[in-house]
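[1] Predicted coordinates and the sequence they were generated for:
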Amino acid sequence: MNLKDCLKHFIHLELEAAKVYEKIAEHSEGEIAQVAKTFQNEEAVHAQRLEELLASKETISNQTVNEELLLLPRYGSELETSTKLDTRKQLFTFALQAEKDSILMYQEIANQLPESSALYQFFNDLIKEERDHMFFILKKLHELS
C-alpha cells in the first residue's frame, strides 16, 4: 500500500475526530467544553498537516507501508454511532478509542520509517499530540466514574 492512500484515510479520520470533539463540547460546559474545542481545532490542524504532507509529492511519492496497516482497529466505520452518544461518559469513551486507534496507526507508519527521516518525526509528533489527548480523556473519565 502506498503512503499516499494511507494519508487520505488519515485525513478523513482526523476530520471525523474533530466532529466527535465538537459534539463533546456541545454536551459539556466549562473546562471540558473548552478543552474539547481545543482538541477539535488540533484534530483539524492534524488533518491540514496531513494534507500538506500529501501535497508534497516528492516526500511521499515512492513511500510504501505494510498492508497489515489495514488490519489495525479503526473507529471511522463506527462514526455513525457517535451521533447517538448522549452522555459525556459515552462521548469520552468513544473519543478515547479514537485516540488509541490514531496512535496505533501512526505508530505503525513510524515503525516502517528510518528514525532519522522527516516523515518519522512528523508521525512521532502526531503520536505525542494524540497521547496528550488520550491522557486528558482518561483523567476526565476517571473523574466521571
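    Looks like it arrived, so ask away.

[2] centroid residue for the protein?
    residue 102 (4.2 Å; Cα atoms, centre = their mean).

[3] Is it correct that that residue is in contact with residue 131?
    No - Residue 102 is beyond contact range of residue 131, at 9.6 Å (criterion: Cβ atoms under 8 Å). Every C-beta, even on glycine, is put in place using the N, C-alpha and C of the backbone.

[4] quick one: the helices in the protein?
    With helices called from DSSP state H, the chain shows them at 3-26, 30-55, 57-60, 79-82, 88-111, 118-144.

[5] what sits against residue 111?
    Not one residue lies near residue 111 by Cβ atoms under 8 Å, 6 or more residues apart in numbering.

[6] ignore the last one, residue 25
    Residue 25 touches 32, 33, 34, 36, 37, 40, counting by Cβ under 8 Å, 6+ apart.

[7] Repeat the analysis, applying 7 Å as the threshold.
    33, 36, 37, 40 (Cβ atoms under 7 Å, 6 or more residues apart in numbering).

[8] Most neighbours among the residues you listed, please name it.
    Within the contacts of residue 25, neighbour counts (other Cβ atoms under 10 Å) peak at residue 36, which reaches 26 neighbours.

[9] what's near enough to touch it?
    21, 24, 25, 28.

[10] Could you do residue 28 as well?
    36, 88.

[11] Go again with 10 Å.
    34, 35, 36, 37, 88, 91, 92, 140 (Cβ atoms under 10 Å, 6 or more residues apart in numbering).

[12] wait, doesn't residue 5 sit right on residue 109?
    No - the pair residue 5 and residue 109 fails to qualify as a contact (Cβ atoms under 10 Å) at a distance of 11.9 Å.

[13] wait, doesn't residue 46 sit right on residue 130?
    Yes - Residue 46 lies in contact with residue 130 (Cβ under 10 Å); the separation is 8.2 Å.

[14] joint contacts of these two?
    Residues within reach of residue 46 and of residue 130 at once, by Cβ under 10 Å, 6+ apart, are 14, 17, 102, 106.
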